[in-house]
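Q: Following is a predicted model, sequence given first.
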Amino acid sequence: HSVAYEQAARDFREHRYPAAYGRFARLADAGHVPSACIALLMVRDGRTLFLNDWYATPDQLRRWSAMTIQAAGQPPLMLEDGDA
């Protein structure tokens, strides 16, 4: 996941939000928790923060939300140099 996540984060930092969302959504679907957190944010607040709307199916929203809730009970995610 790390190479794909790095590319998604790079797209995000460089304001290529549609590309970033697509990558984060695919990673979230594959079980990558940090990507699920970002994808949920982008779906929930896309219009306000990014002047765009992104779509996720109800099933995706349920799974991604469950992943982030489960992760909330874990130790904090430690970002390494280069992570977004």
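A: Alright, I've got the coordinates.
Q: Tell me how far stretch 54-73 lies from the chain's centre.
A: Centroid separation for stretch 54-73 versus its chain: 10 Å, with CA atoms, centre = their mean, to the nearest Å.
Q: How about stretch 31-51?
A: 5 Å.
Q: for that stretch, what is the average pLDDT?
A: For stretch 31-51, mean pLDDT rounds to 91.
Q: Quick check: buried residues in that stretch?
A: Neighbour counts over stretch 31-51 (16 or more other CB atoms under 10 Å) mark 32-40, 42-43, 46, 50 as buried. The way it works is simple: take the backbone N, C-alpha and C, and place the C-beta from them, glycine included.
Q: What strand or helix carries Met42?
A: Element membership of Met42 [criterion: DSSP states H and E] is helix 33-50.
Q: going on from that helix, what's the next piece of helix or strand?
A: Scanning forward in sequence from helix 33-50 by DSSP H and E, the next helix or strand is helix 58-72.
Q: Helix 33-50 and that next one, what's the angle between them?
A: Orientation of helix 58-72 against helix 33-50 (axes from the mean of the first three to the mean of the last three CA atoms, to 10 degrees) gives an angle of 110 degrees.
Q: Let the chain start at 360 from now.
A: Taking 360 as the first residue, the last one we looked at is helix 417-431.
Q: got a list of what the residue nearest to Phe409 when sequence neighbours are not counted touches?
A: Spatial nearest neighbour of Phe409, excluding adjacent residues (CB to CB, 6 or more residues apart in numbering): Tyr376 at 4.8 Å. Taking CB atoms under 8 Å, 6 or more residues apart in numbering as the criterion, Tyr376 is in contact with 370, 401, 409, 411.
Q: Including distance to Phe383, could the residues you listed go into TSV?
A: TSV is the format used below for these (distance: CB to CB, whole Å):
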residue	distance to Phe383
Asp370	9
Met401	7
Phe409	12
Asn411	14
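Q: and which of those is nearest Gly432?
A: When the contacts of Tyr376 are compared for distance to Gly432 (CB to CB), Met401 wins out at 23.3 Å.
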